[in-house]
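Asker: Using only what follows, build the 3D model:
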Amino acid sequence: MDFTYESYAHWRKEMTEKGGLTLDASYCKDRINALSNDEEASTRSLIRAYGSEHRDQMLRWFEQALSEI
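Answerer: Presented below is the predicted three-dimensional model:
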């Protein structure tokens, strides 16, 4: 998977088609909760690797995906 996304549509396609994920309500809510928690180990790792701006963008995209359900 490509971890540099051009847009929400690109990110969604990578997640669902290439990553095989289902962006259902449960998954989106779980990711939103994890990404919103700076104490979560996976969130700290993501921020170290890609920066807080990337995390913030991912959080917005999961929120958008949830709003489309």
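Asker: elements contacting the helix or strand Trp61 falls within?
Answerer: According to DSSP states H and E, Trp61 maps onto helix 52-67. Helix 52-67 is packed against helix 8-13, helix 25-36, helix 41-50, with contacts defined by 3 or more C-beta pairs under 8 Å, 6 or more residues apart in numbering; DSSP states H and E. No exception for glycine: its C-beta is placed from N, CA and C like everyone else's.
Asker: Could you point out which of those helices sits nearest Leu59?
Answerer: Leu59 lies closest to helix 25-36 among the helices and strands packed on helix 52-67, at 4.5 Å (C-beta to C-beta).
Asker: How far off centre is the closest one?
Answerer: 8 Å (C-alpha atoms, centre = their mean, to the nearest Å).
Asker: what comes into contact with it?
Answerer: 21, 40, 42-43, 46, 55, 58-59, 62-63, 65-66, 69 (C-beta atoms under 8 Å, 6 or more residues apart in numbering).
Asker: hmm, try it at 10 Å
Answerer: For helix 25-36, the external contacting residues (C-beta atoms under 10 Å, 6 or more residues apart in numbering) are 15, 21-24, 40-43, 46-47, 55-56, 58-69.
Asker: Not counting residues beside it along the chain, what's closest to the residue nearest the centre of the chain?
Answerer: The centroid of the chain falls nearest to Met58 when counting by C-alpha atoms, centre = their mean (3.8 Å). Excluding its sequence neighbours, the residue lying closest to Met58 (C-beta to C-beta, 6 or more residues apart in numbering) is Leu35, at 6.1 Å.
Asker: Let me see the contact set for Gln64.
Answerer: Gln64 sits next to 8, 11-12, 23, 28 when contact means C-beta under 10 Å, 6+ apart.
Asker: Now list the buried members of those residues.
Answerer: Buried subset of the contacts of Gln64 (neighbour count, 16 or more other C-beta atoms under 10 Å): 11-12, 23, 28.
Asker: element containing Glu6?
Answerer: Assessed by DSSP H and E, Glu6 sits outside every helix and strand.
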